[in-house]
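Colleague: task: produce atomic coordinates for the following.
(2 chains)
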Amino acid sequence: MANEAEDTIRKLSTYKGVVGVVVVNGEGIPIKTTLDNHISVQYAGLLTALVDKAKTVVRDLDPSNDLTFLRIRSKKSEVMVAPDKEFILIVVQNPVE
Amino acid sequence: MSDRKAELERKKAKLRAIREDKDRRRREKEQKDAEEALQRASATSSLDSRRDIDEMLSSLGVAPVKDVLSSLSSMTSLSPPQTASPDASLPHTDKASLQLQGGPKKQPQELQVVFVQSTDIPPKETVIYTKQTQTTTSGVTELRDGCSSNASPLAGYMEDWWRPRKDEYNLNPGLEWEDEFTVLTFDGDVARQGDDEEAAFHGKLPPGILPHGLPTVKEVQPAVTDAPVEKKDEEKEKKAVRELSADEKQTIMLSAEFQRFMSRAGRVIERALAESVDIYTDYTGGGDGENALYSKGDDKSAARLSLVRTFEEERWSRGRCVTCLDWSTFHPELVLASYYNSDDAPHDPDGVCLVWNTKFKKTTPEDIFHCQSAVMSATFARFHPNLILGGTYSGQIVLWDNRVQKRTPVQRTPLSSVAHTHPVYCLSVIGSQNAHNLISVSTDGRLCSWSLDMLSQPQETLELQHRQAKPVAVTCMDCPQTMLNNFVLGSEDGNVYTGCLYGQRAGVTECVEAHAGPLTGVSCHAAAGPVDLAHLYLTCSVDWSVKLWSLKESKPLYSFEDNGDYLVDVRWSPAHPALFAAADAASRLDLWNLNRDTEVPIASVQAEGGAAFSRVSWSPAGSLVTAGDDRGKISVYELAEQVWSPRHDEWNKLVYTLQELRNNQADDDAALSPPPSLSSIASIASNPLR
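Modeller: This next block holds a predicted model:
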């Protein structure tokens, strides 16, 4: 069964334009990543905080609402974050023209 | 009209009077102010700096001040009562000026040195208690006294308390003397929290007097001491986990929650990745995007049938023949495809079922299911949104559930003589929400009716036999839309059998000799409309032809002979009553519209690759046609709007068309058979072309 998750991660990382995939657990520690360790840790730390903040924003505006997807588009890349109760899946992509 | 005019005049006069009044008052006030100012000026100068000025002036050779003043006072027409100005704060000065003035007017009096009563009121020391932590906030300036009132409104008030300030703005009328002061502060305090204006105003007030009359409650600013501590904790954590991370990571990854999370999140991310819409396209720069779209649109409208997508999966669908296609009723964008076994990959499971999503552009299937035996037919459980049924080569019927993370079936029917022992080629769920059954037919002529709750044994079995002895080798089956109890079967011997599912006459009732070879597809009319056409059905077979039948007649209504290879499947459109699709083994997909032309298809497309089609299906809306081939590729074709969407009169037109076809048929028959009587000659004569 572990293969499926690994397969999914591998599949995602071979998509066109994807720079890296990081799976982060609830404490902000990367569990599985296709990037360098220090970059992964950086992404994990920064994005965990951001996901928490975003969740707070959504919840404060409407307590019955919840954050499902976060997408940060920057000049050079795009970061897609799919949060969950315990884990966070982060995918960094270079936008394809 | 005149009285209105008079009114207006009166009003104008009033306004003028008011204005004049105002002006007068203003002038008076100005005069008074000027006089007062003058008074004050004369008075102040006389008191404080009189002596200095006198000295200075006398040293310079100018007349001392008092002479000047006397001349001034003689000029201004001030009467003694007016000097008693309402300014109660300057009685002392007035007295002095009076004295001064009185001097030159009357006789030069004896001037005495008056001892000025100067009272020195020390500032009232207020003891301030602040309800906040006595920690130093970041960026605080040093305080002169020990009072750490940083955040209170009177913060900084005590600063420079020793420096006397004048009550310039007359904020405190309680001060009697003109030189009395309150402890004021300059507002330059960096550490002051709150907006600057408010604080400045606070600064000028005497202690104890709050601006709004009520004590304001300001939020206590938290001590900003945590930042460095937090970072240290994080680093410690990271260090700690990194040490024992490999094992932990592995355990986490093997946990079920992680798997579920990955499948969910992975799906979402895949869809997001596949959408290649660039929201930042700049149309001013290129303008290519829009043009391209427009040109594409034109092409599409020109082409009736155009290939939109292909579904194929490297691992699971390559080299496998598509055996069945079905669409979901709950989510019309989901299409189910079942596959035969693959010769390339003997170790992979024989039967594979994939669920594809036509809405998103991602190239991987939504769900992957497999089972040990090749899946010959598959269907979504029409009334259960999560269940997928498959009929296998071994005769088992398997049930998959997409809520569970398993790829293997959650339920299976037993391999016994009670159920099927031959490949199950036909599977369909018929009935209504509350009363539905699963009908499965295998090639040995057995029809089983199952309840989805209990798959351990069929509810009913029916031996499909024609004329008591011959079991029907069923290859395809369909049920008419409105006559739910009936079914139409196509068999290997080229015959079409119709019968009833339940009731007294359950079983095969009629046999029609249809084709010269095994039937590969049967399709009952699907587009419901104002006219009931459910008695129509199409059959296709390996004899290169598609035939149109009616349940009421035993002879075909029409035969479509346009193909040059085995016909593999034929399907009515669910939206258009006269439209159907047929696919043949030469990988040609034809679209026929009976109302337009019965001789040739209205649209035809040839798939590349040389693979033969094996299955055709329509999307529930009728706008997409999918064709599966024997290499495991599913091609999705889109139809132009005017092709697939029917007009209101299509049903009636079809009735006419059918009538015409019948007439032609009758004429053909009449022409073929030798004319025995005059009536037939007459009929021939009336149709000279025939």
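
Colleague: going forward, measure contacts and count neighbours with C-alpha atoms only.
Modeller: Noted.

Colleague: which bits of chain B sit near chain A?
Modeller: B:238, B:249, B:252-254, B:258-259, B:261-263, B:265-266, B:268-270, B:273, B:276, B:278 (C-alpha under 8 Å from any C-alpha of the partner chain).

Colleague: give the ChimeraX command for selecting the buried subset of those.
Modeller: Buried residues within the residues of chain B next to chain A, by 16 or more other C-alpha atoms under 10 Å in any protein chain shown, are selected in ChimeraX with:
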select /B:238,249,252,253,258,259,261,262,263,265,266,269,270,273
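
Colleague: the residues of chain B next to chain A in helices, which ones?
Modeller: B:238, B:249, B:252-254, B:258-259, B:261-263, B:265-266, B:268-270, B:273 (DSSP state H).

Colleague: avg pLDDT for stretch B:400-410?
Modeller: Taken as a whole, stretch B:400-410 has an average pLDDT of 88.

Colleague: what's the answer for stretch B:29-46, then?
Modeller: 71.

Colleague: tell me where the model's unsure across the stretch 1-150 of chain B.
Modeller: Counting by pLDDT under 70, the stretch 1-150 of chain B shows low-confidence ranges at B:1, B:40-54, B:57-108, B:130-150.

Colleague: can you do 50?
Modeller: When residues are selected by pLDDT under 50, those of the stretch 1-150 of chain B lie in B:77-104, B:139-150.

Colleague: now for the helix ranked longest in chain A, which elements pack on it?
Modeller: Within chain A, and with DSSP H defining each element, the longest helix by residue count is helix A:37-61. Here helix A:37-61 touches strand A:18-24, strand A:30-33, going by 3 or more C-alpha pairs under 8 Å, 6 or more residues apart in numbering or on different chains; DSSP states H and E.

Colleague: for it, what is the distance to the chain centroid?
Modeller: A distance of 9 Å separates the centroid of the chain from that of helix A:37-61, by C-alpha atoms, centre = their mean, to the nearest Å.

Colleague: quick check: mean pLDDT across it?
Modeller: Helix A:37-61 comes out at a mean pLDDT of 91.

Colleague: list the buried residues in whichever helix or strand comes after it.
Modeller: Sequence-wise, the next helix or strand downstream of helix A:37-61 (DSSP states H and E) is strand A:70-73. With burial defined by 16+ other C-alpha under 10 Å, the residues of strand A:70-73 counted as buried are A:L70.

Colleague: strand A:70-73 near chain B anywhere?
Modeller: No: using C-alpha under 8 Å from any C-alpha, we find that strand A:70-73 stays clear of chain B, coming within 9.6 Å at best.

Colleague: contact partners of that strand?
Modeller: Outside strand A:70-73, the residues within contact range by C-alpha atoms under 8 Å, 6 or more residues apart in numbering or on different chains are A:V51, A:E78, A:V79, A:M80, A:V81, A:A82, A:P83.

Colleague: right, and the helix or strand after it?
Modeller: By DSSP H and E, the next helix or strand past strand A:70-73 is strand A:78-83.

Colleague: picking up where we left off before, among the helices and strands packed on helix A:37-61, which gets the worst mean confidence?
Modeller: strand A:30-33 (a mean of 86).

Colleague: sheet partners, orientation included, of that strand?
Modeller: For strand A:30-33, the paired strands and their directions (DSSP bridges) are strand A:18-24 (antiparallel).

Colleague: could I get the partner strand in CSV with only the CA atoms?
Modeller: C-alpha atoms of strand A:18-24 as CSV (Å, rounded to 0.1, in the frame of the first residue of the first chain):
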residue,chain,number,x,y,z
VAL,A,18,6.6,20.5,-11.6
VAL,A,19,9.7,21.4,-9.7
GLY,A,20,9.2,19.4,-6.6
VAL,A,21,6.7,17.7,-4.3
VAL,A,22,6.9,17.9,-0.5
VAL,A,23,4.6,16.1,2.0
VAL,A,24,4.6,17.7,5.4
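
Colleague: related to what we said a few turns ago, report the angle between the longest helix of chain A and strand A:18-24.
Modeller: Interaxial angle of helix A:37-61 relative to strand A:18-24 (axes from the mean of the first three to the mean of the last three C-alpha atoms, to 10 degrees): 70 degrees.

Colleague: beta partners for B:L536?
Modeller: Here B:L536, judged by DSSP bridges, has bridge partners B:S550.

Colleague: any idea how far it lies from chain A?
Modeller: Counting by C-alpha to the nearest C-alpha, to the nearest Å, the gap between B:L536 and chain A amounts to 47 Å.

Colleague: which ones are touching that residue?
Modeller: Neighbours of B:L536 in contact, by C-alpha under 8 Å, 6+ apart: B:C524, B:H525, B:L548, B:W549, B:S550, B:L551.

Colleague: export these as a markdown table, with columns for neighbour count, distance to B:N486 and pLDDT.
Modeller: Supplementary listing: the contacts of B:L536 in a markdown table, determined by neighbours: other C-alpha atoms under 10 Å in any protein chain shown; distance: C-alpha to C-alpha, whole Å; pLDDT from 0 to 100:
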| residue | neighbour count | distance to B:N486 | pLDDT |
| --- | --- | --- | --- |
| B:C524 | 26 | 11 | 91 |
| B:H525 | 28 | 13 | 89 |
| B:L548 | 19 | 18 | 91 |
| B:W549 | 21 | 15 | 89 |
| B:S550 | 18 | 13 | 88 |
| B:L551 | 17 | 10 | 87 |
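
Colleague: what separates B:V127 from chain A, distance-wise?
Modeller: For B:V127 relative to chain A (C-alpha to the nearest C-alpha), the value is 41 Å.

Colleague: nearest spatial neighbour of A:M80, chain-adjacent residues omitted?
Modeller: Closest residue to A:M80 apart from its sequence neighbours, by C-alpha to C-alpha, 6 or more residues apart in numbering or on different chains: A:R71 at 4.5 Å.

Colleague: same deal with B:D630?
Modeller: In space, and not counting its chain neighbours, B:D630 is closest to B:C321: 3.8 Å by C-alpha to C-alpha, 6+ apart.

Colleague: cool, and B:L624?
Modeller: Excluding the flanking residues, the one nearest B:L624 by C-alpha to C-alpha, 6+ apart is B:E638, at 4.8 Å.

Colleague: now swap in B:Q433 and tell me
Modeller: B:F383 (5.9 Å).

Colleague: doesn't B:A435 make contact with the one you found?
Modeller: No: with contacts counted by C-alpha atoms under 8 Å, B:F383 stays clear of B:A435, the gap being 10.0 Å.

Colleague: which one's more surrounded, the two?
Modeller: B:F383 (18 against 9; other C-alpha atoms under 10 Å in any protein chain shown).

Colleague: does that one sit in a helix, a strand or a coil?
Modeller: Put simply, B:F383 is coil when judged by DSSP: H, G, I helix; E, B strand; the rest coil.
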